[in-house]
Structure formats: structure tokens, C-alpha cells
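Enquirer: fold the following, please.
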Amino acid sequence: MFVAICHPLHYPIHMSKVTCVKMILGSWTLGSINSLAHTVYALHLPYCRSRAINHFFCDVPAMLPLACVDTWVYEYMVFVSTSLFLLVPFLGITASYGRVLFAVFHMRSKEGRRKAFTTCSTHLTVVIFYCAPFAYTYLRPKSLRSPAEDKSLAVFYTILTPMLNPIIYSLRNKEVLGAMGRVCGMFSSRKT
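Expert: Predicted coordinates:
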């Protein structure tokens, strides 16, 4: 992100097609191995209680209470993989945006600074809406979990976040902002 915004002429050099393909293959490979490891481990746990999962889908935190063995090793594995595959990239994204915001802060053009801040804020909002519920879901200790809260978080990151993405990104559009202002004005005039 930093190179794309702060050094746009260098971007094609750093992000060649070969680099993009390597990044895609690397993320698919590592993600697939991680998912496969979790799936195999979770399916080999002995389940001696009811097989009814108190969740919308077969999620790991919802399955663990049904196991009749101590699952601390698996919970530790979930913690480590969440840290590696969620927190480390999130920290990288945050560091990149920190560098971008530092560069934007030193721009001379007020209009350019405003546009850059608007772009960065929408991107960061989407990243936070996506990462925060996942981190909270998978990094909480077992003692702090509740099925109702897990279901609410699942709705947030599977339905609401993808639904909000187009709205968040369209807030940069002046026509959309104008239409929202008119709609809000209609609602406020009806109340009075």
C-alpha cells in the first residue's frame, strides 16, 4: 500500500505479474495447509456429547465444547495460527498505513491530503471491520466464550462486513454523500 500511494511510479517495478502470482500462490498454499490442519484435527477429536452445534455453521469454537477430551493443545494451535495469519498481516497493514499517513501529513496540497486521508480511512475501516471480529472470536480464551456472542460475531464477519464494504467505499463518492444528506434531511424533517 505504501509503495502504491507514496511511490506510484515504482509500483509496477515492485509489483510485477510474477510477484503477484507468487503472492497469490503463497497465500493460497499457506491458507490451504492451515485450513486442512485445523479441519483434520477438529474432525479427529472424540465427540462424546450431543453432535448438535449451537452455531450457524461448523466453526471451531462452536465444536470444541462438544469434545470429550481436553482441547488446550488445539486451542493453542488456533491461537498461534490466528496470530500468524491474522495479527501479523494486520500489523503489516497498519504499519504500511502509518507510513502512508506520515507521508500524506507532509503533503503540501490540502485537496490531495484530504483525498488521501479519505482513501486511507475507508480502507482501514474495511480492514478493521474484517479483522476485529475474527481476532476477538479466535483469540478469546475458552472461559470467556458464549454461544450467543459467537453467533453474533459470525453474523458480523460473514454477512454485515461484506454488505458494508460497498457502502463504506462509496462514501468517497460526492454523489452518494449528497444523496445520503438528502435522505437524512428527509428523515429529520419528518420528525419535526
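Enquirer: show me where this structure has helices.
Expert: In the chain, the helices defined using DSSP state H lie at 2-6, 11-14, 17-43, 60-63, 72-82, 88-105, 110-139, 147-155, 161-170, 174-191.
Enquirer: list just the one of those helices that sits closest to residue 51.
Expert: helix 60-63 (9.7 Å; Cβ to Cβ). Placement of C-beta: from N, CA and C, glycine included.
Enquirer: can you list contacts of the closest one?
Expert: Outside helix 60-63, the residues that touch it by Cβ atoms under 8 Å, 6 or more residues apart in numbering are 38, 42, 45, 47, 53-55, 78, 137-138, 145, 147, 150.
Enquirer: can you give me the buried ones in it?
Expert: 60, 61, 62, 63 (16 or more other Cβ atoms under 10 Å).
Enquirer: not counting sequence-adjacent ones, nearest residue to the residue positioned nearest the centre of the chain?
Expert: The centroid of the chain falls nearest to residue 130 when counting by Cα atoms, centre = their mean (2.4 Å). With Cβ to Cβ, 6 or more residues apart in numbering as the criterion, residue 130 has its nearest non-adjacent residue at 5.4 Å, and that residue is residue 161.
Enquirer: I'd guessed the one you found sits against residue 131; true?
Expert: No. Counting by Cβ atoms under 8 Å, residue 161 stays clear of residue 131, with 9.7 Å between them.
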